[in-house]
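J.: pasted the sequence and its predicted model underneath.
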Amino acid sequence: MARVRTRKNPLVMAALALTVVAAGGAVRGGWSWYGAAHEESVAYARTRDDALAAGEQAVQNMNTLDHRKLNEGLDGWEDSTTGDLHKQLVDGRSGFEKQIRAAETVSTAKVLSGAVTELDERAGKASVMVALRITVTAPKAEPAVKESRMLGQLTRTPEGWKLSALGQAPVGNTAG
């Protein structure tokens, strides 16, 4: 019996080599992607994004109040806060109710931009700066619109990030 000699087709060999190289690249790329997705910096970025989203929403809540839906609005204030700020709001609620009912105002806030200025994951603390456009409508008056920058301190609670302090950001050049 005679042996049949087979020649190796160069195109088949080249395709096989390219397949092996592509498979190796895919494995390496997948491993790199997995590693990057599970790095500490990715977790830190997620925490920062969570704090920013909560901070923006809380600052917006604190600048939005409708005298016709007063309890709902004040509940929103309380739900957005923790610590001393929360205590001040709870303790002063009846006074806020009287003032808003007497003024019959409606204020709405829209977040223009926001940023986390500090984040301490271990301590569960963050600082945010939020730019808002606030519209206040009083009876028999044209709506008054102003832009404002607020600085907020956030504390991580079991329910998520909440405002623990809120104040107006300084505006203008303070250098002498």
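T.: Looks like it came in fine.

J.: contact partners for residue 73?
T.: By C-beta atoms under 8 Å, 6 or more residues apart in numbering, the contact list for residue 73 reads 64-66. C-betas here are computed from N, CA, C, even on glycine.

J.: so which of those are in strands?
T.: Among the contacts of residue 73, the ones falling in strands (DSSP state E) are 65-66.

J.: just the buried ones from the contacts of residue 73?
T.: 64-65 (16 or more other C-beta atoms under 10 Å).

J.: what's the closest of the contacts of residue 73 to residue 155?
T.: residue 64 (21.3 Å; C-beta to C-beta).

J.: in the longest helix anywhere in the chain, what counts as buried?
T.: The longest helix of the chain (DSSP state H) is helix 10-37. By neighbour count with 16+ other C-beta under 10 Å, helix 10-37 contains no buried residues.

J.: quick check, distance from the helix or strand just after that helix to the centre of its chain.
T.: Using DSSP states H and E, the next helix or strand after helix 10-37 towards the C-terminus is helix 40-62. Offset of helix 40-62 from its chain centre (C-alpha atoms, centre = their mean, to the nearest Å): 3 Å.

J.: any stretches of this structure with poor pLDDT?
T.: Regions of the chain meeting the criterion pLDDT under 70 cover residues 1-7, 35-39, 173-176.

J.: hmm, 90 instead?
T.: For the chain, applying pLDDT under 90 flags the ranges 1-43, 170-176.

J.: residues touching residue 65, list them.
T.: Per C-beta under 8 Å, 6+ apart, neighbours of residue 65: 73-74, 77, 100, 105-107.

J.: now render the contacts of residue 73 as TSV, adding distance to residue 84.
T.: Listed next are these as TSV, based on distance: C-beta to C-beta, whole Å:
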residue	distance to residue 84
64	22
65	20
66	26
